[in-house]
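> for reference, the sequence and a predicted model appear below.
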Amino acid sequence: MSTAPVRAPRADAQRNREKLLAVAVVALAEDGDVPLETIAARAGVGIGTLYRHFPQRNALVEAAYRQEVQQLCDAAPALLAPDRPAVESLREWMGRFVRYAATKRGMGAALRSAVGTDSPLFGETRDRIVGALALLLQAGADDGTIRQDMGAEDVMRAMGAVWSVGAGPEWDEQVRRLLDLVVDGLRFGAGAR
């Protein structure tokens, strides 16, 4: 029995999916209960197009979250450059982590409703984020800009302080100060080669 080869989506369908996800991330971060019709309209597509890509709200919420995690994790190796100290790459990645945290905070209720708090999704994505962080820490240990005695799990716990900062107009500034403190701690005692 032969099976038909899987065809890649048409270019316009792929663009529509990407637009829907980009709009969904922003809209869900602003309001976790945003109507799907609003997301479709902001993306410039009809509701039928949204449902062809994401037959249920939960599928859209999960895909938007996975995309955010993917972009955060893909940024780690992309930020490393031979002519740049790894600690600077780490600092920039942490800035991206702040944007990820803001998005996740906004879409938190929708995400928990979509996949449930016991879903393996959260463990899987956390592992991926810790892996990206480990890559940056190892690069910093290798180039002497980050101390060698800190593991990614420990740094992730320290970065977890961002979730305890209360919502408000100073949230972004307070979170960045916390992460600057983490970076300063990682630099302390690092020996330049």
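In hand now; what should we look at?

> in what helix or strand does the residue most central in space within the chain lie?
Geometric centre of the chain, nearest residue: residue 69, 3.3 Å, by CA atoms, centre = their mean. Element membership of residue 69 [criterion: DSSP states H and E] is helix 57-79.

> mind listing what's buried in that helix?
Neighbour counts over helix 57-79 (16 or more other CB atoms under 10 Å) mark 57, 60-65, 67-69, 72-73, 75-76, 79 as buried. From N, CA and C alone the C-beta is placed, and that goes for glycine too.

> mean pLDDT per helix and strand in the protein: which one sits at the bottom?
helix 86-115 (a mean of 85; mean pLDDT, DSSP states H and E).

> residue contacts, the residue nearest to the centre of the chain?
Contact analysis of residue 69 by CB atoms under 8 Å, 6 or more residues apart in numbering lists 100, 125, 128, 129.

> low-confidence stretches in the protein?
Within the chain, the stretches with pLDDT under 70 are 1-9, 117, 192-193.

> all helices for it, in order.
11-30, 36-43, 47-53, 57-79, 86-115, 120-143, 152-159, 171-187 (DSSP state H).

> so for residue 165, which of those sits nearest?
Closest to residue 165 of the helices of the chain is helix 171-187 (CB to CB; 5.0 Å).

> got the end-to-end distance for stretch 34-53?
Stretch 34-53 stretches 18 Å from its first residue to its last (CA to CA, to the nearest Å).

> again but with stretch 148-155, I slipped
Counting by CA to CA: the opening and closing residues of stretch 148-155 are 12 Å apart.

> which residues sit against it?
So stretch 148-155 is contacted by 130, 131, 133, 134, 137, 141, 182, 186, 190 (CB under 8 Å, 6+ apart).

> next one: stretch 113-127
57, 58, 59, 61, 62, 65, 66, 69, 156.

> let's see it at 6 Å
58, 61, 62, 69 (CB atoms under 6 Å, 6 or more residues apart in numbering).

> between these, which sits nearest residue 38?
Nearest member of the contacts of stretch 113-127 to residue 38, counting by CB to CB, is residue 61, at 14.0 Å.

> find the nearest non-adjacent residue to that closest one, please.
Nearest residue to residue 61, sequence neighbours excluded (CB to CB, 6 or more residues apart in numbering): residue 114, at 3.9 Å.

> what number of residues lie near that neighbour?
22 (other CB atoms under 10 Å).

> related to what we said a few turns ago, could the contacts of residue 69 be laid out in TSV, adding distance to residue 38?
What follows is the contacts of residue 69, written out as TSV (distance: CB to CB, whole Å):
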residue	distance to residue 38
100	23
125	26
128	30
129	29
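
> brilliant, that's me finished.
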